[in-house]
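Visitor: build me a model from this:
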Amino acid sequence: MKPGPLNLITDVPGILVGNAEDHAIKTGTTVLVGDKPFRASVDVMGGSPGSRETELLAPDKLVDQVDAIVLSGGSAFGLDAASGVSDGLRAMGRGFAVADVTIPIVPAAILFDLLNGGDKGWDDNPYRALGRKALGSAATMFNIGTAGAGTGALTANLKGGLGSASLVLRSGHTIGALVGANGTGIATAGERANFWAAPNEIDGEFGGLGTWAHPVPFLESALTKRDYAENPIANTTIAIIATDADLTKAQLKRLAVAAQDGIARAISPSHALVDGDIVFAVSTGVRPIEDPIVDVMHLGHAAAVCLARAIARAVYLATPADRDTLPTWRQKYGTPS
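Guide: Sure, this is the predicted structure:
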């Protein structure tokens, strides 16, 4: 396996991503949209998810395709970003047709970024406008790090961010990950610079430091040093896996389940009661699979590898801003030579 030419989820043909940010609020929205509707499913492993229209992604539900998926900051307020995306798609004439009515189907997930030093004193919810703006910017190239849904993201000890990565399998299928990395846990080995995701790293994409070879006592984790009364633990990692493999909703459900391993490889601890940890899986359906067991198993493994790498890239590429409450990885550890 090797990364696609952009090492982004948009290496999957037909997939576009758009970002919108408000740096005063320290938040943002990211939308994934296709050049046509795509099949999707979802898996939730965190104890505090925030989502919209995820139930219809179950294999037994009627709607077989969706028009876009939104990842957003803002906690419950951020779910309104999907309304802005829906407005934009409706203006394009896109959506699920019911008689003479067209209804855009836009599942969404949110992360908690309300305590990150940004100005949250808005009078009108800003996320609908951010969603519409993100849709308008959708393209094959997009920023990661402090961008889109990752603008205000934090981990336990470092600034988080928006991450992405891709792989091309020997079968010819492409798979990619897009993530808002805002986990309750930490992405590095204790207070070391090394990323938990290092065994999955390709071509030094997040510093090339390799793994930390020595034990990391749990008490060394920054998570244990937080005073919950003053610093409530409220986080979430939200992600999308995309592939050109022609998968059913049931197979996409298994792909999303397998991809959750990527969160566990990159963030420790993960899937906590105070995390959301939602993974969507989408298929453009343009490349057939030959073996419904072996091919789906390989795609699931690739999904986990991609998601682990995307999380580390999100943290590695985060940039500093005024009123940040945590340092970026580069502020703390410098830039590798």
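Visitor: can you give me the helices for the stretch 151-300 of the chain?
Guide: In the stretch 151-300 of the chain, the helices defined using DSSP state H, counting those that start in this stretch lie at 249-266, 294-316.
Visitor: the ones you listed: which one's closest to Pro126?
Guide: Pro126 lies closest, by C-beta to C-beta, to one member of those: helix 294-316, at 22.3 Å. No exception for glycine: its C-beta is placed from N, CA and C like everyone else's.
Visitor: send the alpha carbons of the closest one over as CSV?
Guide: Provided in CSV are the C-alpha atoms of helix 294-316 (Å, rounded to 0.1, in the frame of the first residue of the first chain):
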residue,chain,number,x,y,z
VAL,A,294,-11.0,-10.7,1.7
ASP,A,295,-11.4,-7.4,-0.1
VAL,A,296,-13.5,-5.9,2.7
MET,A,297,-11.1,-7.2,5.3
HIS,A,298,-8.2,-5.5,3.5
LEU,A,299,-10.1,-2.3,3.1
GLY,A,300,-10.9,-2.3,6.8
HIS,A,301,-7.3,-2.7,7.7
ALA,A,302,-6.4,0.2,5.3
ALA,A,303,-9.1,2.3,6.8
ALA,A,304,-7.6,1.9,10.3
VAL,A,305,-4.1,2.7,9.0
CYS,A,306,-5.3,5.8,7.2
LEU,A,307,-7.3,7.1,10.2
ALA,A,308,-4.4,6.7,12.6
ARG,A,309,-2.1,8.6,10.2
ALA,A,310,-4.7,11.3,9.6
ILE,A,311,-5.0,11.9,13.4
ALA,A,312,-1.3,12.2,13.8
ARG,A,313,-1.1,14.6,10.8
ALA,A,314,-3.9,16.7,12.3
VAL,A,315,-1.9,17.2,15.5
TYR,A,316,1.5,17.6,13.8
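Visitor: the helix or strand just after that helix packs against which elements?
Guide: Next helix or strand after helix 294-316 toward the C-terminus (DSSP states H and E): helix 329-333. Under the contact definition 3 or more C-beta pairs under 8 Å, 6 or more residues apart in numbering; DSSP states H and E, helix 329-333 sits against helix 294-316.
Visitor: buried ones in the helix it packs on?
Guide: 295-296, 298-316 (16 or more other C-beta atoms under 10 Å).
Visitor: and the angle from it to helix 249-266?
Guide: Comparing the axes of helix 294-316 and helix 249-266 via axes from the mean of the first three to the mean of the last three C-alpha atoms, to 10 degrees yields an angle of 40 degrees.
Visitor: what's the mean pLDDT across helix 294-316?
Guide: Average pLDDT, helix 294-316: 97.
Visitor: show me what that helix is packed against.
Guide: strand 161-168, strand 174-181, strand 238-245, helix 249-266, helix 329-333.
Visitor: pLDDT below threshold where in the stretch 1-150 of the chain?
Guide: Judged against pLDDT under 70, the stretch 1-150 of the chain has no low-scoring part.
Visitor: can you pull out the helices in it?
Guide: 81-91, 127-136.
Visitor: what about Leu154, how many neighbours?
Guide: 28 (other C-beta atoms under 10 Å).
Visitor: for it, give its distance to Asn235.
Guide: 7 Å (C-beta to C-beta, to the nearest Å).
Visitor: what does the pLDDT read for the most centrally placed residue in the chain?
Guide: Geometric centre of the chain, nearest residue: Val179, 1.7 Å, by C-alpha atoms, centre = their mean. Note for Val179: predicted pLDDT of 98.
Visitor: just give the nearest non-adjacent residue to it, would you?
Guide: The shortest distance from Val179 to any non-neighbouring residue, by C-beta to C-beta, 6 or more residues apart in numbering, is to Ala239 (4.1 Å).
Visitor: what about the one you found, neighbour count?
Guide: 30.
Visitor: returning to that earlier point: list the residues that contact both of Leu154 and Asn235?
Guide: Applying C-beta atoms under 8 Å, 6 or more residues apart in numbering, one finds that Leu154 and Asn235 are jointly contacted by Asn182.
Visitor: rewinding a little: out of the helices and strands packed on helix 294-316, nearest to Arg287?
Guide: strand 238-245 (4.5 Å).
Visitor: what's the single longest strand in this structure?
Guide: Longest strand in the chain by number of residues (criterion: DSSP state E): strand 27-44.
Visitor: how far does it sit from the chain's center?
Guide: Relative to its chain's centre, strand 27-44 lies at 10 Å (C-alpha atoms, centre = their mean, to the nearest Å).
Visitor: so what are the sheet partners of that strand and their directions?
Guide: strand 15-22 (antiparallel), strand 66-72 (antiparallel), strand 278-287 (antiparallel) (DSSP bridges).
Visitor: relative to strand 238-245, how tilted is the longest one?
Guide: Computed with the same axes, to 10 degrees, the direction of strand 278-287 lies at 10 degrees from that of strand 238-245.
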